[in-house]
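Q: turn this into a model:
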Amino acid sequence: MSEGGDGFDLFSTRRAGVLLHPTCLPGKQGVLGESARRFVDFLADAGMTVWQTLPLGPTHSDLSPYQALSAHAGNPDLIDLTDPIARTPLPEAGFDQFREDNQYWLEPFSQFMAIREQYPAQTWQQWPEGLRDRHPENLEAFCKQAADAILHIEAQQYLFFRQWQSLKHYAHERGVLLFGDIPIFVAHDSADVWANRRCFKLDQEGNPRVVAGVPPDYFSEDGQHWGNPLYDWEFLARDGYDWWLQRLDSQRHLFDLIRIDHFRGFSASWEIPADQPWPKCGHWEPGPGADFLQSCFRRFPDLPLVAENLGIIGPEVETLRHQFHLPGMTVLQFGFDGSDDNPHLLKNHRERDLVYTGTHDNDTTLGWYRSLDDRTRNYINQYFSTDGSDMPWPVIEAAFRSVSSMALVPMQDLMGLDSRARFNTPGTINDNWVWKLDWDQCQEGLAKKIRALLLAAERLPNG
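A: The predicted structure is shown next:
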């Protein structure tokens, strides 16, 4: 899907999939074994050919996968300790090869995590100066003293990626593709920023000079103050965007398709002065645009990207997306503001885009429907030809009928769950990222019901 070429094309056939982060799967000792395989089996039985996840990195205490401790590492909490892979002694040759292949991110990540273990109450800019600033003599002395801890962290990562690749193979054997997510920004308190300070707009002590967010939009009426450090795109350009290319390279080995969250940041980012708590104090700062994306596709001609183009999107963002033939997103819940040209309305969908009933940032479709005022709810009942008693299925069926090549439905919608199953509420910090799948809540014959709908919508594989 690069500019001037279409070597990779998942959008030449109609597909459907489920949005579910692995942390939602049930499992007392990790989920990347039997629990994840059971979910893949459910997808295959239902005729679903795509499993979309959120970012897989290790999280801070807030559990947000969009504020990970690393842009490359896997979350060790997902490792299934009961799986045969976890009980097999580490093959020394394979472990050594893994360390060599991934040294560029694994070494600083394992150092970063080992230092955090010694200073658990501090962010990295509060560490002793020698470790904060990565002075070679201080870092070398620490690594000698913490050699066992560093080796353990590296071994965890090796085990995570072995389990993930085993899961990926299992999914592919059953016709299921894995769809990942890259947040455009990274957490300030992360191995990425600590080890690559020159890539970001920081002061001499490592503190952000400006931070990321968004102005008011339909996700948040006050805007959002994310707090992520912003990139020094001029430096990254002089460096050939190498940091970003390494990031894309590691993720393309994990996934068959990759969504770039907040794609509009490549066109312009909402920069908020670090000393200002209010998103409205920010301004749009130009991003790297086509120069960056050209570099990406020169390195990886068949890079399988999807652009998250929700929120405040100007024509320059869509021009950039279309220049590189990147699929975008529509969300049915966003289609009912009364405007005839709303891109989320079914009649305005495009074939090479993705359609969702809702995303991980939305209420469940049933919760959304119940929260509407009477006038909007009546309009939606007429639009979907329902009295509302069978919600959310009219919306799910509409997504399947859409002309868009790929239709994605959160698992909570397929289970018919209300707002208590919402996964994330943007702009809040409580009760997010904690919902768990309970198979007992799935209606009997759910996979069979989905398969019948996909057959009618011509979204079944091989037919």
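Q: do a quick rundown of the helices in the stretch 151-300 of the chain.
A: For the stretch 151-300 of the chain, the helices defined by DSSP state H, counting those that start in this stretch cover 191-195, 233-238, 242-252, 289-299.
Q: now the second one: buried residues?
A: Neighbour-count burial for helix 233-238 flags 233, 236 (criterion: 16 or more other Cβ atoms under 10 Å). For glycine as for every other residue, the C-beta is placed from the backbone atoms N, C-alpha and C.
Q: which other helices and strands contact that helix?
A: Using 3 or more Cβ pairs under 8 Å, 6 or more residues apart in numbering; DSSP states H and E, the elements in contact with helix 233-238 are helix 242-252, helix 289-299.
Q: now it - C-alpha only, PDB.
A: What follows is helix 233-238, C-alpha atoms only, in PDB (Å, rounded to 0.1, in the frame of the first residue of the first chain):
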ATOM      1  CA  TRP A 233      11.200  16.000  13.900                       C
ATOM      2  CA  GLU A 234      14.100  18.000  12.500                       C
ATOM      3  CA  PHE A 235      16.600  15.800  14.400                       C
ATOM      4  CA  LEU A 236      14.700  12.700  13.400                       C
ATOM      5  CA  ALA A 237      14.800  13.700   9.700                       C
ATOM      6  CA  ARG A 238      18.600  14.400   9.900                       C
END
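Q: list of residues touching that helix?
A: Helix 233-238 is contacted from outside by 198-199, 242-244, 287-288, 291-292, using Cβ atoms under 8 Å, 6 or more residues apart in numbering.
Q: which residues touch the residue nearest the centre of the chain?
A: Most central in the chain under Cα atoms, centre = their mean is Asp181, positioned 2.8 Å from the mean C-alpha point. If you count contacts by Cβ under 8 Å, 6+ apart, Asp181 has them with 52-55, 65, 258-259, 261.
Q: pLDDT below threshold where in this structure?
A: Along the chain, the model assigns pLDDT under 70 to residues 1-8, 218-219, 463.
Q: what are the ranges of the strands in it?
A: 15-19, 50-52, 177-183, 210-214, 224-229, 257-261, 268-273, 283-286, 305-307, 329-331, 354-356, 406-410 (DSSP state E).
Q: turn those into JSON lines, columns for distance to Gln97.
A: Below are these laid out as JSON lines (distance: least, Cβ to Cβ, whole Å):
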{"stretch": "strand 15-19", "distance to Gln97": "32"}
{"stretch": "strand 50-52", "distance to Gln97": "27"}
{"stretch": "strand 177-183", "distance to Gln97": "23"}
{"stretch": "strand 210-214", "distance to Gln97": "36"}
{"stretch": "strand 224-229", "distance to Gln97": "33"}
{"stretch": "strand 257-261", "distance to Gln97": "24"}
{"stretch": "strand 268-273", "distance to Gln97": "38"}
{"stretch": "strand 283-286", "distance to Gln97": "41"}
{"stretch": "strand 305-307", "distance to Gln97": "28"}
{"stretch": "strand 329-331", "distance to Gln97": "37"}
{"stretch": "strand 354-356", "distance to Gln97": "36"}
{"stretch": "strand 406-410", "distance to Gln97": "35"}
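Q: which stretch among these comes nearest Phe109?
A: Ranking these by proximity to Phe109 (Cβ to Cβ) places strand 177-183 first, at 16.5 Å.
Q: now that closest one and helix 242-252, what's the angle there?
A: Angle of strand 177-183 versus helix 242-252, following axes from the mean of the first three to the mean of the last three Cα atoms, to 10 degrees, is 150 degrees.
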